[in-house]
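Trainee: no sequence on this one, just coordinates:
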């Protein structure tokens, strides 16, 4: 299960980065969701996926890596003719910050230590 979860997390990151660094799609122009909300959600997901991929780390490391990726995305977007903005980077930061606090509650579930019942008692012993 952990291997599948890691593979899924890597695919989510790759997909989101390809959307952010590829050509602007028609759906992005007509989307009913604001660009800032999309950035916040995308970087929330990237931070959580990095947490899954860097399994035994502190929550801070995946969040810092996500923030670095957010900065690099904005730099690359500016270089390839897409709109780079501090507002997008701020939205990335907001999504990453929310992920930092949510991951505290998710980590026991991801690690398998948050289960209750007989299986949990056996896995802890």
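Mentor: Done, it's in. These numbers were taken from a predicted model, which means no experiment stands behind them. Numbers count the residues shown, from 1 in each chain.

Trainee: in this structure, where is pLDDT below threshold?
Mentor: 1, 25-31, 56-57, 106-125 (pLDDT under 70).

Trainee: how about the helices in it?
Mentor: 2-21, 26-30, 35-53, 60-79, 86-111, 118-124 (DSSP state H).

Trainee: residue contacts, residue 7?
Mentor: By Cβ atoms under 8 Å, 6 or more residues apart in numbering, the contact list for residue 7 is empty. The way it works is simple: take the backbone N, C-alpha and C, and place the C-beta from them, glycine included.

Trainee: ugh, wrong one, residue 91
Mentor: Here residue 91 is in contact with 35-37, 39-40, 43 (Cβ under 8 Å, 6+ apart).

Trainee: ok, now how distant is the most centrally placed residue in the chain from residue 69?
Mentor: Closest residue to the average C-alpha location of the chain: residue 46 at 1.4 Å, with Cα atoms, centre = their mean. Using Cβ to Cβ, to the nearest Å, residue 46 is found at 6 Å from residue 69.

Trainee: swap in residue 11?
Mentor: Taking Cβ to Cβ, one finds residue 11 at 16 Å from residue 69.

Trainee: coming back round to it: deepest of the helices of the chain, which one?
Mentor: Highest mean neighbour count among those (mean count of other Cβ atoms under 10 Å): helix 35-53, with a mean of 21.

Trainee: outside of that helix, which residues touch it?
Mentor: Outside helix 35-53, the residues touching it (Cβ under 8 Å, 6+ apart) are 5-6, 9-10, 12-13, 16, 19-20, 31, 57, 59, 62-63, 65-66, 69-70, 87-88, 90-96, 98-100, 102-103, 106-107, 110.

Trainee: got a list of what residue 83 touches?
Mentor: residue 77.

Trainee: quick check on it: phi, psi?
Mentor: Per-residue torsions, residue 83: phi -80, psi 120 (degrees, to the nearest 10).
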